[in-house]
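A.B. asks: give me coordinates for this.
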Amino acid sequence: MRKLFFGFLLLCACNIHAQSNSQKPNVVFIISDQHKLEETGAYGSQRSITPNIDELAKTGVMFNNAYTPAPVCAPARASLVTGMYPYANGAIYHKAPVTMPNGKVKNLGSGYLRETGYHEGIVTLADVFKEQGYVSASPGKMHVHGELQKDVDEDHKEGNDMGFDEIGLRYYTYFPGGHYEDEVGEDTYMRYRQFKKYGKTYKGGSMHLNEEYVPTLVKNDEDNFDMVVARKSVEFINKRAEDGKNFFLHVGFEKPHAPFTTTQTYLDMHTPSEYQLPETYDDWYKKGKYPWVPNWVHSGIPKNLEKAQNVMAAYNACITEMDDMVGRVVNALKEKGLYDNTIIIYTTDHGEHLFEHGLRGKHNMYEDAVNVPFIVSYPKLFKGNTINNSIVSFIDLMPTLAELINGKTPETAQGVSLLDVLTKGEELKDRVVYSEFRGGDYKLLPGARNVPSRMMRKGDYKFVYTHGIIDQLYNIKTDPDELNNLIFDDNYKTIYQDMYFQTLAGWQFQEYSPIEVSLKKKKMKWEKSDAFKIYAIYYSASDNIKEARLILDNIAENSFEPKEKGYYWLVARPKLSKTSKFYGDDIPVAVENYSYTLPISDILKFD
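C.D. replies: Take a look at the predicted model:
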């Protein structure tokens, strides 16, 4: 009798625990690759076919001003996983430069070495869910420096699953045994990527952009990467429907990233002749190449309009394919009765120019590269068909989801919770977000590698700092195409100065160092450098850079005596001398000699 009684108590306890778990929401996070915001029906496109993403927008909250922390895959995705900007988590590169035993530098992709990834000890997004008892999986593209299979890195034989219970079907990331190729075989993988022997099937390498508007070489349509990712995602959902466990599912689709190839079914849904080039397609052709954009990103427009139209239509066909896979995942939730208790998020790692400004790809700070679609659907708690203009970042995802599942936000997280934004429709005021990039092949900086740039967005304004190159300041509201650089207008001098300071303050990372300033005997001192032409002092009563203000400009000396207790920074302006066709011979746009010193000091405390 006692056994029956205790058995009854145990059964009750299990039921209570199950009910408690079921009250917490599941989370399906869907991330595509290189999806241009304007090529989405929900964001106003008349030519894009995205019914499933559009439906998420109708049932959820759509953000107009969501920014990626980096306009390139790997750093952006590491920021999502860690809730930190690239400079802070350490995963700053798309391909990390590693000095080999022979002394040569080799750029390694993700999945090879732990030391090239995000810093050890950082709590990941999957860790947050694991601590709350969730089961997690991440089928598809991850592309995060720091993730490792077991026995790949000799110094980290145990590998790093980043907190996920189920991992696999990787793409780009070196992942022996758990790669897309392992799932479909080398032949299919090579056909999908148009690599090696298949890369020469079409003359001139035109399959990369699909200028000929032809279907994928993959024999079985369901073996294309996104189809396989959707299948694995649905399998995971089906398991959770059976065991009733709360889950976090990270779905990593690859399209519409190049090559712009998909099945004939999706190509047939688009008509290339209906596509027109954007208004800014010939901007750099008329003015000259942009000083702040890597040379190779000026990829050019196909020589005839028909091929350009094919590229745009093929890109959108890839989006439609990916959207169809989004539908498969969402429908699986509905079929298994899990939809009502599942938060669904759709976004992409960065944008795509698709000939805006005459550019292709990403790798710079124009809106087409950094402003991305971001939709959160959870009708149970969030009002549907809502548009929010708050400025937000991927780093906000971790604190938001942690709060939604009653979890703990790690101390390392740099974002803010968007729960009130989602539940109450509030808009964040005076929010500041950043994006970072490191690239090479700048025309005016020959030989410079991993040149850092950083974008700051606040209110209507965007500021862009590119090391060694002229600054940019735009009013995104009145100048959405970013054609009028306001640094030349004295009416915006204060905005320019303050955004310049806030973009640089506290931004430190590998290779680059701040200006050295000593604070002795109540005096700040520094050595003047030929690399800089203007020095200024910023002050704040606290160590919060948002509260800092300019107190002295155009300093002629190489010292300064603080008067008030608080925090000080020395700020400099690079000495530019090289000119370019873009601004003509009258305006210097780049430094003569590249330096690895950032034009700002560390924060200095004066007692």
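A.B. asks: so how many other residues sit close to residue 229?
C.D. replies: 27 (other Cβ atoms under 10 Å). Just so you know, the C-beta spots here come from the backbone N, C-alpha and C atoms, and that holds for glycine as well.
A.B. asks: relative to residue 217, how far out is it?
C.D. replies: From residue 229 over to residue 217 the distance is 19 Å, taken as Cβ to Cβ, to the nearest Å.
A.B. asks: what's the answer for residue 399, then?
C.D. replies: Separation of residue 399 from residue 217 (Cβ to Cβ) stands at 43 Å.
A.B. asks: please enumerate the strands of the stretch 101-250 of the chain.
C.D. replies: Assigned strands in the stretch 101-250 of the chain, in chain order: 105-108, 135-139, 166-168, 247-252 (criterion: DSSP state E, counting those that start in this stretch).
A.B. asks: do you know which of those lies nearest residue 361?
C.D. replies: strand 105-108 (17.3 Å; Cβ to Cβ).
A.B. asks: what lines up beside the closest one in the sheet?
C.D. replies: strand 96-99 (antiparallel) (DSSP bridges).
A.B. asks: mean confidence (pLDDT) on the strand it pairs with, please.
C.D. replies: Over the span of strand 96-99, the pLDDT mean works out to 91.
A.B. asks: just the CA atoms of it, as CSV, please.
C.D. replies: Extracted in CSV, the C-alpha atoms of strand 96-99 (Å, rounded to 0.1, in the frame of the first residue of the first chain):
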residue,chain,number,x,y,z
ALA,A,96,41.2,33.8,-39.1
PRO,A,97,44.9,34.5,-39.9
VAL,A,98,47.0,31.8,-38.3
THR,A,99,50.8,31.7,-38.4
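A.B. asks: report the buried residues of that strand.
C.D. replies: residue 96 (16 or more other Cβ atoms under 10 Å).
A.B. asks: likewise stretch 222-229?
C.D. replies: 223-229.
A.B. asks: for stretch 501-516, same thing?
C.D. replies: So, applying 16+ other Cβ under 10 Å, buried residues of stretch 501-516: 501-505, 507, 509, 512, 514-515.
A.B. asks: what are the ranges of the strands in the stretch 351-500 of the chain?
C.D. replies: Taking DSSP E, counting those that start in this stretch to define them, one finds strands in the stretch 351-500 of the chain at 371-377, 386-393, 432-439, 451-458, 461-466, 469-475.
A.B. asks: how about CSV for these, with mean neighbour count added?
C.D. replies: Listed next are the strands of the stretch 351-500 of the chain as CSV, based on neighbours: other Cβ atoms under 10 Å:
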stretch, mean neighbour count
strand 371-377, 26
strand 386-393, 19
strand 432-439, 24
strand 451-458, 23
strand 461-466, 23
strand 469-475, 22
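A.B. asks: between those, which one is nearest to residue 522?
C.D. replies: When these are compared by Cβ to Cβ, strand 461-466 sits nearest residue 522, at 31.3 Å.
A.B. asks: circling back: looking at the buried residues of stretch 222-229, which one is closest to residue 603?
C.D. replies: residue 229 (44.4 Å).
A.B. asks: hmm, residue 164 is touching residue 126, no?
C.D. replies: Yes: the pair residue 164 / residue 126 is scored as a contact, 4.7 Å apart, by Cβ atoms under 8 Å.
A.B. asks: could you find the closest non-adjacent residue to residue 72?
C.D. replies: residue 94 (4.7 Å; Cβ to Cβ, 6 or more residues apart in numbering).
A.B. asks: let me see the contact set for the one you found.
C.D. replies: 72-75, 438 (Cβ atoms under 8 Å, 6 or more residues apart in numbering).
A.B. asks: which of those residues fall in strands?
C.D. replies: Within the contacts of residue 94, residues falling in strands by DSSP state E are residue 438.
A.B. asks: which of the contacts of residue 94 tops the neighbour count?
C.D. replies: residue 75 (29 neighbours).
A.B. asks: where in the stretch 301-450 of the chain is pLDDT low?
C.D. replies: Within the stretch 301-450 of the chain, not a single segment meets pLDDT under 70.
A.B. asks: same question for the stretch 51-200 of the chain.
C.D. replies: 195-200.
A.B. asks: which residue ranges of it form helices?
C.D. replies: Per DSSP state H, counting those that start in this stretch, the stretch 51-200 of the chain carries helices over the ranges 51-58, 73-82, 86-89, 125-131, 180-184, 186-193.
A.B. asks: could you redo the strands of the stretch 351-500 of the chain as CSV and give each row distance to residue 341?
C.D. replies: Below are these laid out as CSV (distance: least, Cβ to Cβ, whole Å):
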stretch, distance to residue 341
strand 371-377, 13
strand 386-393, 20
strand 432-439, 30
strand 451-458, 34
strand 461-466, 38
strand 469-475, 42
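A.B. asks: of the contacts of residue 94, which is the nearest to residue 373?
C.D. replies: Looking across the contacts of residue 94 and measuring by Cβ to Cβ, the closest to residue 373 is residue 73, at 16.0 Å.
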